[in-house]
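> With the input below, show me the fold.
(chains A, B, C, D, E and F)
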Number of protein chains: 6
Amino acid sequence: MPLYDMPLPELLTYRPQVEEPPDFDDFWSETLAESRAVGGEVERVRHDGVLRTVDVEDVVFPGFGGDPVHAWLLTPTHASGPLPAVVGYLGYGAGRGRPHEHLRWPSAGYVTLVMDTRGQGAAWGTGGDTADPVGSGPAVPGSMTRGIGDPRDYYYRRVLTDAVRAVDVVRDLPQVDRSRVAVAGGSQGGGIALAAAGLVDGLVGAVIDVPFLCHLRRAVSITSTDPYGEVRRYLAVHRDSADRVFRTLSYIDGVSFAARASAPALFSVAMMDPVCPPSTVYAAFNAYAGTDKEIARFDFNEHEGGGAAHDEAQVRWLNARADSLRG
Amino acid sequence: MPLYDMPLPELLTYRPQVEEPPDFDDFWSETLAESRAVGGEVERVRHDGVLRTVDVEDVVFPGFGGDPVHAWLLTPTHASGPLPAVVGYLGYGAGRGRPHEHLRWPSAGYVTLVMDTRGQGAAWGTGGDTADPVGSGPAVPGSMTRGIGDPRDYYYRRVLTDAVRAVDVVRDLPQVDRSRVAVAGGSQGGGIALAAAGLVDGLVGAVIDVPFLCHLRRAVSITSTDPYGEVRRYLAVHRDSADRVFRTLSYIDGVSFAARASAPALFSVAMMDPVCPPSTVYAAFNAYAGTDKEIARFDFNEHEGGGAAHDEAQVRWLNARADSLRG
Amino acid sequence: MPLYDMPLPELLTYRPQVEEPPDFDDFWSETLAESRAVGGEVERVRHDGVLRTVDVEDVVFPGFGGDPVHAWLLTPTHASGPLPAVVGYLGYGAGRGRPHEHLRWPSAGYVTLVMDTRGQGAAWGTGGDTADPVGSGPAVPGSMTRGIGDPRDYYYRRVLTDAVRAVDVVRDLPQVDRSRVAVAGGSQGGGIALAAAGLVDGLVGAVIDVPFLCHLRRAVSITSTDPYGEVRRYLAVHRDSADRVFRTLSYIDGVSFAARASAPALFSVAMMDPVCPPSTVYAAFNAYAGTDKEIARFDFNEHEGGGAAHDEAQVRWLNARADSLRG
Amino acid sequence: MPLYDMPLPELLTYRPQVEEPPDFDDFWSETLAESRAVGGEVERVRHDGVLRTVDVEDVVFPGFGGDPVHAWLLTPTHASGPLPAVVGYLGYGAGRGRPHEHLRWPSAGYVTLVMDTRGQGAAWGTGGDTADPVGSGPAVPGSMTRGIGDPRDYYYRRVLTDAVRAVDVVRDLPQVDRSRVAVAGGSQGGGIALAAAGLVDGLVGAVIDVPFLCHLRRAVSITSTDPYGEVRRYLAVHRDSADRVFRTLSYIDGVSFAARASAPALFSVAMMDPVCPPSTVYAAFNAYAGTDKEIARFDFNEHEGGGAAHDEAQVRWLNARADSLRG
Amino acid sequence: MPLYDMPLPELLTYRPQVEEPPDFDDFWSETLAESRAVGGEVERVRHDGVLRTVDVEDVVFPGFGGDPVHAWLLTPTHASGPLPAVVGYLGYGAGRGRPHEHLRWPSAGYVTLVMDTRGQGAAWGTGGDTADPVGSGPAVPGSMTRGIGDPRDYYYRRVLTDAVRAVDVVRDLPQVDRSRVAVAGGSQGGGIALAAAGLVDGLVGAVIDVPFLCHLRRAVSITSTDPYGEVRRYLAVHRDSADRVFRTLSYIDGVSFAARASAPALFSVAMMDPVCPPSTVYAAFNAYAGTDKEIARFDFNEHEGGGAAHDEAQVRWLNARADSLRG
Amino acid sequence: MPLYDMPLPELLTYRPQVEEPPDFDDFWSETLAESRAVGGEVERVRHDGVLRTVDVEDVVFPGFGGDPVHAWLLTPTHASGPLPAVVGYLGYGAGRGRPHEHLRWPSAGYVTLVMDTRGQGAAWGTGGDTADPVGSGPAVPGSMTRGIGDPRDYYYRRVLTDAVRAVDVVRDLPQVDRSRVAVAGGSQGGGIALAAAGLVDGLVGAVIDVPFLCHLRRAVSITSTDPYGEVRRYLAVHRDSADRVFRTLSYIDGVSFAARASAPALFSVAMMDPVCPPSTVYAAFNAYAGTDKEIARFDFNEHEGGGAAHDEAQVRWLNARADSLRG
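Below you'll find the predicted structure:
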């Protein structure tokens, strides 16, 4: 795919006014309060696998509405805490898979919790374990339009709440230094990490790769690649529902979360990305309120972005911030 | 697509032994009994539309577990009953849409109930109105693998129950001659109609076009086109779950329903159909227990099958059976 | 397909100067006069089908040069006239098919004549019955470049004449109120309806969905999707013929017909339509001379546009105009 | 494309019984007699081009029904006659183009007449000049189904007659040795050359590459690639017309022409050809009645077959036969 | 992709006679002897990266002809040796990338050497570092046909020699128990591992996923997917070279290496794999001479095969064999 | 493909500043001097083929570094010299194939040398005979990124040197008038011809069709079609190497060669060309220093451009220039 979005100079200063509902903050504070009020136990079971450098636990924690959410918890075997930690979120369609698929952060010294995305995990990869126990009105195949008729029913309200609750869980782990917890993810995982950064204070860092769920009205207009394409197809069938749909989406737009975030942030963007167009990423990055922010730009990449080539820079970037906070 | 399945002579006598669970009949009699026991009211509201030859009502009836299921009810304006009736089921991904999209049967003199398929209707066409209020474990985008881990959780258990309940509703309509109720549909709708014919006695006819949901193990092996492809992708991710998945599917296999059906049946099959392979259709047709059965074969068609070119033959076929029962 | 044509504000005021030959009006008045002079009988044979709410006749009428053109004539069975009427034109590649495929307008109370498009009908659907008895020089597969070397030989000269003759036929039907005849169609049918509106006076309405055949030079440059793509490929082979080809096309450009039309008009346009780009539709709509005009815009649809979701609005729009003229 | 048709050993002996109408010979003898009876002049105009090794004439000759058919006539400039000659036929969709596109045979010493295929030439390449002045009923875009409802109306009846008339023309050229005239072509051109070999006696050779129009019922069933795919799509729309269509096609099946041919023949076949499946080529080759016959097999090629790599072998093969007849 | 190769029962006993040159063993013993004779130093440089559970070294060792080949060497930080080791080979087009992309085996306790594939690494992923300093005659884009005209010039002669030399290197590492060295890889890497198992004695295990380079004549005939498709295209251009090409390939066919291998082997195969067809994999597995052999079959997967879901089983399988040899 | 690059008025005056290394001229004068210094014999062997109007010789001449480069030399049989000559270069992936594939120029009276492109010729067509005896670091499949890390190692340094040496060879042929030698080619061949025109003085003409290798940074950004796409993919893997890659490419950019060329030039450009975008062609044309220059524009063509329809105009254009120089 060649360059197709705005020219770079425009991107660098692109700060669109996205729709933001007046009760955005209330919506989220109530949502989180409700789920936290439900409470519930965190189950941690030692996973008897093949890894010897990392201890693995199979975790189930109470997410949105107390729904059970599965996660892998990986702790470097030979490290002594309290340790910095990363909460990792996944790309669209994948599940948490197998523990050894998540060795990067723990091998670099971080306690790592990899959260399943509810209802996802069957489209590719090695599977997930977390149900989304909530039904939906007619939806385009996929997660993107489930419950889209109302912000309170919307699928991502549940997922983003799960994400915040995962941070809660990690902060309470005995081996973790709660002042040094970061969030990280790419694509959908990047969108979730960005939301978490907007909803949780005191994170040591947010690593946000080619994030999804940003500047949604523009995204749906300039790309028809899935998952944004799911929304376009929904609107193509429900021809009168654009206002309602975009109102719902305005409660989960990464640009609004960015404007509320304060943690140090490392974004990445790919200039030829047909899935998460660069202008939607820059819209979030430019709106990001935290002052310690950087963006890695990949000029010739599509949605793979920096891929594994960017991983070490992310670890070093986070090391710098986590080390400075070490007690 | 060229010919790719068995040669015609083999198809004509193809009678595979499909997996059938020993409690198949109990499963369904209990399922139907439970939902009938829930009961609930049928709501019928006159639809103030543009049609003058047909009276339209917007119907909500209690389906599986009493869940509200939407339907259009069309009655020929100038006909005097009791009239024969058709219960129509829809293709994969579509919703009931608008009433004037269903004029064929009522314009031919049949009371017609077009049932929404729960949770579907957003993928194409003009939309549906019926939610599926049940969550699911990780599923491939689409309906086909929702709840596939257990026959009691499986999506099509609910849909097929809705379908039977729709027949219940139509039989109780004052303008309908309850001895002359037929079921009809194509593709997914054909699979649903076939199931209804296996679950309900005394139907005047079953019109089953290029039916989906037949001979599922073979279908998943010889075509990767959706929706069967959804199952293949699920199994590609859940590499150890084939037995469990095919056990669940064995409760909704059209071949097993066919073996229990007695109503007159008009099938159709398309020899170049990549979506519902001809061998899976013939497996059901050849197993069909009713003795008044025919199959229209379209040698050069893909999944469109007979399309609208076959509609008049269907009406005439059903007229012959409905007229012979006229009081 | 994402948005790709002009931004909406530009579209709303887009009024390009299209090429228009000085003898445009003479060309068409002579063409129509010649074909009307040929005369010929209209054959109407009762069709013994399955419909009971609508009377169906199989019609053959003399079109361009007196060539026999087939049509279905549907009259609501229980209505008493004189009735308003709709002349319907078909999309590219389709034939008139079967009568029950055209129940919308007659079920809403309109006498309806559905005209075959000569030479078409074999590409999809259920077939047509009308030959185009005229040969052609080398042409790209399809109808679009047959006879394109000279306006007098051009395929659409014949088709548009057929369309006008179809209006003549309907106006002379005994059950029709000749002051309340409308034209309607989508895509190619929309282009034909627009041409008819430009060539015939006194229509009660023109329903023009995502019309083809508008602003042809721009269309051929900004989309390579068929059927406009047929012209592009022709020009790619006949590298020196652009002037001649566009001169021929200037005799059938919907923008020029629009500038001559006076009937009330309801257009529709789809903003992501790769087949009939929105700028070509707005070029025609903005040029449309009739003052009672509206356009329904579908922001997230491709060429399906409003589809069946827009049908009822069209009936209501036409009812309002037809009722106001009722004697 | 991998191997997909019969295994080689079966191909080598594949001799299917194709449908052949009882009046096949009468049909063709009458058809040719009628067109020959129409007569007409052959126009030859010197073409003032850029070639210096070959003299070029722009020829128009009377084909089927006397219709004007264009051709290029190329004569080696420095050769002295009477010379052997080749009549060349073109692939589907192409026109005769420009003279310098046909230098192979004349540069090897053969007078060469390259015949336009009527109505074709606009799909790719550099164009054709010959109209098909005959209309058609509804046809799939392309030539393949024009007039397919009746053998007398069928497009290829006209084309094959043109092909025979082209041989007539070449035999009467002063510079040509009429006992040493060959026919040649690939794909559609191969099918035409094969027909000519079946309809004309005394040819010195027939060079038939990956021929189209052979064993048509099988071809339509095992490949959906165009142009055979045009027939499949026609049959998909005209669901009741298979008998009529295949009856028409039986008058132009290359297998039947092969059984009547006596000229030395050099066929070629490509084992991975999705356009002209190898079994259809072997059906014709194995049926070929002439005893001096060979087939070049290309095991890993698709429809390009031997391409230009096979050209020299063809010239040498024809030289051997033409030289042996030299006076 | 649906099932397309042989049925399972045939696969289980499929033992084709592949072409094997009489000097196969001499060819390889001479090739290896020559390269070993060249000798050269192994360079090991500590890589200053971000990993803390694994020590990483950047290795350059002398491969075929002494050419420098790059590799990552990963040793578990807290393990004490002598340790078992795995030599890993890569899939087609990839390079060794970054060290943290190879954490599975070292995190399970194995010293791991990941060998670059010479000349590859630029097609996807994060790059390679090893040149192939040898030119080639005309080749299809890709590695597969470079030097294919002669077994001594052929690309894979060099790669397979590199692979054996990599085993030599690992066996000489101080931290490695030379009796417990295994080889592993998938796709191309699986083909290379299989060759290594055929060329090197005393391996503790060979983990061979969906191997490429097996039963090459059949592979090229039944799939046109790359990289086998590269050979098909080469043969489509070089129409006379099949014998020469398949002779070259017979020196690197995995079936011949299998017949010479004795190490315990764990194969995997995917039944819907269009890249490495299951019959080619079973041909190698069934020919495998070692008696301790298993094959994991994935019935609904394409070329991804078992993916990460199979990783733990591989580790456990190798642990069982490595532990039994522990001193 | 529709129009996608700059509007025509901008193209006509588009003169971008491309990167040009300060030692561009030194680089090339040294490169050419070195290869000329190596010297070597030109082998000419009479080719015993089937052509009678043209004498064919199989030529091997010393190219870059003295490497043997194959070519066909065609001389009109009946012409008497000294004759004008054309050196022809080939499109990407093709080899020189067979002599009779190159009859246009010799049949028009020109001695013609068709140069193989080293290492290419296996991707399509009838093959090449020239090896590229130089290895490469990891490269994207294809020629475009071989040796791209350093201008001295870069593949096209060798090819362009071959091209200049081919001109040297032709000028020394006895039958050639050395003052009337032209270069010609399309796509890659056009890029090579343009380079030759920038590197060699005194050419009678340069015929440059839809040239590749122009304005490379823009090309890689606005099209992802191969071969430019090979560079994009290389940069997508080697994320830090853009500066180095574009530095290398700056030594072979056609815009820089154009600025140094003085020969009369006939360019062509296709406005819908996705392979060699029109802006990159105009960038070279507008920069072309020779004052006798023209460009043929094809408004509706993709990469086929003028194709054979443009050939005669090219011959006439060159005739005019060659004739004016005739002694």
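
> tally of neighbours for residue A:52?
Here the number of neighbours of residue A:52 (other CB atoms under 10 Å in any protein chain shown) works out to 18. To be clear about C-beta, it is placed using only N, CA and C from the backbone, and glycine gets the same treatment.

> pLDDT weak spots in the stretch 201-327 of chain A?
The stretch 201-327 of chain A contains residues with pLDDT under 70 at A:327.

> which parts of it sit against chain B?
Neighbours of chain B within the stretch 201-327 of chain A, by CB under 8 Å from any CB of the partner chain: A:233, A:234, A:237, A:238.

> Quick one: name whatever helix or strand follows the lengthiest helix in chain A.
As assigned by DSSP state H, the longest helix anywhere in chain A is helix A:155-171. Per DSSP states H and E, helix A:155-171 leads on to strand A:176-186 as the next helix or strand towards the C-terminus.

> OK, contacts around the closest residue to chain F within chain A?
Residue nearest to chain F within chain A (CB to the nearest CB): residue A:300, separated by 3.8 Å. Shown in contact with residue A:300 (CB atoms under 8 Å, 6 or more residues apart in numbering or on different chains): A:271, A:272, F:220, F:232, F:235, F:236, F:239, F:242.

> Residue F:160: which of the residues you listed is nearest?
residue F:220 (19.0 Å; CB to CB).

> just to confirm, which helix or strand has the closest one in it?
helix F:216-222.

> who touches that helix?
A:2-3, A:300, F:5, F:16, F:18-19, F:228, F:231-232, F:235, F:246, F:249-250, F:252-253, F:276-277, F:279-280, F:283.

> about what we covered before: please report the distance of the residue of chain A closest to chain F from residue F:218.
13 Å (CB to CB, to the nearest Å).

> which residues touch the strand or helix carrying residue A:230?
Here residue A:230 sits within helix A:228-237, counting by DSSP H and E. Residues external to helix A:228-237 that are found in contact with it (CB under 8 Å, 6+ apart): A:139-142, A:144-145, A:148, A:212, A:216, A:219-220, A:223-224, A:241-242, A:245, A:249, A:275, B:95, B:121-127, C:2, C:272, C:298-302, C:304.

> try it again with 7 Å
Contacts to helix A:228-237, defined as CB atoms under 7 Å, 6 or more residues apart in numbering or on different chains, come from residues A:140, A:142, A:144-145, A:148, A:219-220, A:224, A:241-242, A:245, B:122-127, C:300-301.

> ok so, going back, doesn't the residue of chain A closest to chain F lie inside a strand?
No: Residue A:300 is assigned coil when assessed by DSSP: H, G, I helix; E, B strand; the rest coil, not a strand.

> Pull the number of nearby residues for the nearest residue to it once chain neighbours are set aside.
Spatial nearest neighbour of residue A:300, excluding adjacent residues (CB to CB, 6 or more residues apart in numbering or on different chains): residue F:235 at 3.8 Å. When neighbours are defined as other CB under 10 Å, residue F:235 has 23 of them.

> same thing with residue A:200?
Counted with other CB under 10 Å, residue A:200 comes out at 22.

> That one against residue A:167, yeah?
Yes: using CB atoms under 7 Å, residue A:200 is in contact with residue A:167, at 5.2 Å.

> still on that earlier bit, what is the most widely separated pair among the contacts of residue A:300?
F:220 and F:239 (14.1 Å).

> Between the two, which is the more surrounded one?
residue F:220 (25 against 21).

> Grab the nearest non-local neighbour of the more buried one.
residue F:231 (4.8 Å).

> Residue A:150 contacts residue A:248, correct?
Yes: here residue A:150 reaches residue A:248: they are 6.5 Å apart, a contact under CB under 7 Å.

> per-residue confidence at residue A:81?
For residue A:81, the pLDDT comes out at 74.

> Tell me which residues touch it, please.
A:175, A:176, A:177.

> just the buried members of these?
A:175, A:176, A:177 (16 or more other CB atoms under 10 Å in any protein chain shown).

> which one among those residues gets closest to residue E:312?
Nearest member of those to residue E:312, counting by CB to CB, is residue A:175, at 24.1 Å.

> Kindly tell me how buried the residue nearest to residue A:259 when sequence neighbours are not counted is, as a neighbour count.
Once flanking residues are discounted, residue A:259 sits nearest to residue A:287: 4.9 Å by CB to CB, 6+ apart. Around residue A:287 there are 23 other residues, counting by other CB under 10 Å.

> Please give me every residue in contact with residue A:287.
Residues counted as contacts of residue A:287 (CB under 7 Å, 6+ apart) are A:15, A:255, A:258, A:259.

> any idea how far residue A:311 lies from residue E:228?
33 Å.

> between these two, who's got more neighbours?
Each of residue A:311 and residue E:228 has its neighbours counted (other CB under 10 Å); residue E:228 has more, 24 against 20.

> thinking again about what came up before, quick one: buried ones out of the contacts of helix F:216-222?
Using 16+ other CB under 10 Å, the buried ones in the contacts of helix F:216-222 are A:2-3, A:300, F:5, F:18-19, F:228, F:231-232, F:235, F:246, F:249-250, F:252-253, F:276-277, F:279-280, F:283.

> And the buried ones among the contacts of residue A:81, which is closest to chain C?
Closest to chain C out of those is residue A:176 (43.3 Å), distances taken as CB to the nearest CB.

> That closest one touches residue A:110, doesn't it?
No: Residue A:176 lies out of contact with residue A:110 (CB under 7 Å); the separation is 9.5 Å.

> shared neighbours of the two, anything?
In contact with both residue A:176 and residue A:110: A:83, A:85, using CB under 7 Å, 6+ apart.

> still on that earlier bit, got the phi/psi numbers for the residue of chain A closest to chain F?
The phi/psi pair for residue A:300 (degrees, to the nearest 10) reads phi -120, psi 10.

> Tell me how many other residues crowd residue A:109.
Neighbours of residue A:109 using other CB under 10 Å come to 19.

> Just the residues contacting the longest helix of chain A, thanks.
Here helix A:155-171 has contacts from A:31-32, A:35, A:42, A:61-64, A:69, A:71, A:85, A:87, A:89, A:113, A:115, A:117-118, A:132, A:134, A:143, A:146-147, A:151, A:176, A:178, A:181, A:183, A:192, A:195-196, A:199-200, A:252, using CB under 7 Å, 6+ apart.
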